[in-house]
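[1] Mind folding the following:
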Amino acid sequence: MELIESKDLNDIVNLYNSNELFLKSHIGKESITTKWVSDELNIMKYEGFHSSKVVQKNSNKIVGLVDFKVEKETYLSLLMINSNLRGQGIGMKVYELFEMYIKHCNSTSLRIDVVTNYDKHVLDFWMKNGFKSIENINLNWNEKVLPAVVMKKYI
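    Numbers count the residues shown, from 1 in each chain. I've put the predicted structure just below:
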């Protein structure tokens, strides 16, 4: 994983736009633009988050992204894989590498807020990776209020 750079914006737009259901449910749009991505990356950076690209070795193409803030309890804001690559184990591999990285950073736990009215497979993915539901919350993102569950894992 490497930090997203300005030269990556078009690829990140394509990545987001490949996840149509995510866009509709999370931000109320059918597609986003480079300006939207640029603004989002700037907000995340201001808030202390790292936005990293996931690059597939054999093709050198960006296939995912991870937004996170490393602390004692690391907050994983987003792990997204290109929807055309679902079911190939890429998300699982990215998560495993991410967990190894945050252990190296001396984090002792990991938190993620999962939107509950989106895709049941997402919640299942995190439970399969050892996360436990802690509490139900309302998550505010891009002027939308979304029902979510706080999930944690001690590492």
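[2] Give me the buried stretch members for the host helix or strand of residue 153, please.
    Counting by DSSP states H and E, the element that carries residue 153 is strand 144-154. Neighbour-count burial for strand 144-154 flags 146, 148-151, 153 (criterion: 16 or more other C-beta atoms under 10 Å). Where you see a C-beta, it was placed from the backbone N, CA and C, and this is true even at glycine.
[3] between the residues you listed, which is closest to residue 25?
    Top of the list for closeness to residue 25, among these and by C-beta to C-beta, is residue 146 at 7.6 Å.
[4] Now do the contacts for that closest one.
    By C-beta atoms under 8 Å, 6 or more residues apart in numbering, the contact set of residue 146 is 25-26, 115, 117-118, 138-140.
[5] What's the mean pLDDT across the strand holding residue 153?
    Mean pLDDT, computed over strand 144-154, is 95.
[6] Stretch 92-112 too?
    Stretch 92-112 comes out at a mean pLDDT of 96.
[7] Check the offset of that stretch from the chain's centre.
    13 Å (C-alpha atoms, centre = their mean, to the nearest Å).
[8] got it, and stretch 46-59?
    10 Å.
[9] got the CA coordinates for the helix ranked longest in the chain in CSV?
    Looking across the chain with DSSP state H, the single longest helix is helix 90-104. Taking Å, rounded to 0.1, in the frame of the first residue of the first chain, the C-alpha atoms of helix 90-104 are listed here in CSV:
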residue,chain,number,x,y,z
ILE,A,90,-8.2,-9.6,-2.7
GLY,A,91,-10.1,-7.8,0.1
MET,A,92,-9.1,-10.6,2.5
LYS,A,93,-5.4,-10.4,1.5
VAL,A,94,-5.5,-6.6,1.7
TYR,A,95,-7.0,-6.8,5.2
GLU,A,96,-4.5,-9.4,6.4
LEU,A,97,-1.6,-7.1,5.2
PHE,A,98,-3.2,-4.1,6.8
GLU,A,99,-3.6,-5.9,10.1
MET,A,100,0.1,-6.9,10.1
TYR,A,101,1.0,-3.3,9.4
ILE,A,102,-1.0,-1.8,12.3
LYS,A,103,0.4,-4.5,14.6
HIS,A,104,3.9,-3.2,13.6
